[in-house]
Structures are given as C-alpha cells and as structure tokens.
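1. compute the structure for the input listed below.
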Amino acid sequence: MRIISGAAGGIRLNAPTGQTLRPTEDRVKEALFATIGNLSNSVVVDLFAGTGALGLEAFSRGAKCVRLIERAPAHCKVIRQNLLAVLKAMGNPPAPDIDLLCGDAARTPALLPQLAGRCDLILADPPYHPPVGDYGARELLLDSAFAAWAGPQAILVLEFGADVELPWSPDSPWRTLKIKTFGTRALAFARLAE
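-> Next up, the predicted model:
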C-alpha cells in the first residue's frame, strides 16, 4: 500500500497489525483519482479513513484542505504515522491544512461544521457489509443531515461491494454520475440530486 502520485508519490503506508482492513487497491485508487482529475485547491474529506490512504493521496496530489475521519483508535494511530511520513516526504510544508478526527463518520456534520457546504470531494470507504444498526454506505446515502452538510457542489466517491444494492435517487438524495466495477469492488461517483 502506497501513495501513487503527487508530492509524496511512492511513499509506503503502514497498516494496523492484526487488523482486518480492506485497503483500496492501487488500480482502484488510480481509477478514482484519474476520474476526479485536478485536485489543486480542493477541500477533501475522507470518511472511514482506515489507513488514511485516500485522503493522503488527495493531499499528495495537491488538495489544499484534507480532513480524515476514523473511529477505530488503532487505525487513528496508524493514520498519524502515515501522515507524518507523507509530510516528511513533502519536505514538511509549513502549516499544512490536513487533520485527523478520531470519531464516527455518522457524526461528520457535527465533527466538521466549518466545512458545511465547502467540500469539493468526499471520499467514503465504509465496511461493505456492516453489522445491523451500524453506519455504512446505505446509511450514509440516506442521511439527510449528511447530505445537507455536503452541499450541492460536493462529489461523493463511495467504494462499496459490487454485490450490494444501494439506495440512489429518488430513494436517497444522491444520484450517480458514474459507477465503475473492479471485481468485487465498485466505485460510485455521485452528487446530490437537483
């Protein structure tokens, strides 16, 4: 697992030991960022951050503001290590606008009220098959408070199991722009329906 491109390209990222993670494969990450294009001056939020790979990739590629949200303490520890490695590879830029919030993605509007309506890109890689009652892709798409916080200019990139049926518009506020499938994984690019 590594940063693919940008100022920190080639940096290897750590993952928690003994944890069952499902990191986004390099080919999927490359397709994601190739589809998004230029991230210069973008505001990016990485939900369910895991190792921080997606948010750190966005930062390496020029995003001006990145916020990573992860609820597992062991993962937060690894994200901090990966963040320090990326900043070091980038020459320790002064006052980088990147931060980790150890909290639940379900509380994103409360955790990041200052970014309401200001996000350009929201990256979300929730568990493909979360336990009943847990906050996953379905809950995210149906969350009206999250949709209101995201705003109409935000692009949501959601990674999910290709076997999972998700509620898109009109069943949720989100409409798909494009869906790409990679074996058992799928990436949906979505915006709020008008």
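2. only C-alpha atoms from now on, for both contacts and neighbour counts.
-> OK.
3. what's the helix or strand containing Val44 in contact with?
-> Assigned by DSSP states H and E, Val44 belongs to strand 43-47. Strand 43-47 is contacted from outside by 52, 54-55, 58, 63-70, 105, 118-126, using CA atoms under 8 Å, 6 or more residues apart in numbering.
4. now do 6 Å
-> 55, 65-69, 105, 119-124 (CA atoms under 6 Å, 6 or more residues apart in numbering).
5. restricting to C-alpha, output it in CSV.
-> What follows is strand 43-47, C-alpha atoms only, in CSV (Å, rounded to 0.1, in the frame of the first residue of the first chain):
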residue,chain,number,x,y,z
VAL,A,43,-11.3,20.7,0.0
VAL,A,44,-11.4,16.9,0.6
VAL,A,45,-13.0,14.8,3.4
ASP,A,46,-12.0,11.1,3.8
LEU,A,47,-14.7,9.2,5.7
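6. mind listing the helices for the protein?
-> In the chain, the helices defined using DSSP state H lie at 26-36, 53-60, 73-89, 108-111, 137-142, 144-150.
7. can you mark which positions in the longest one are buried?
-> Residues 75-79, 81-83, 85-87, 89 are the ones in helix 73-89 that count as buried (16 or more other CA atoms under 10 Å).
8. contacts only, for Arg138.
-> Leu166.
9. distance of it from Leu123?
-> 15 Å (CA to CA, to the nearest Å).
10. equivalent analysis for Glu194, please.
-> From Glu194 to Leu123 the distance is 21 Å (CA to CA).
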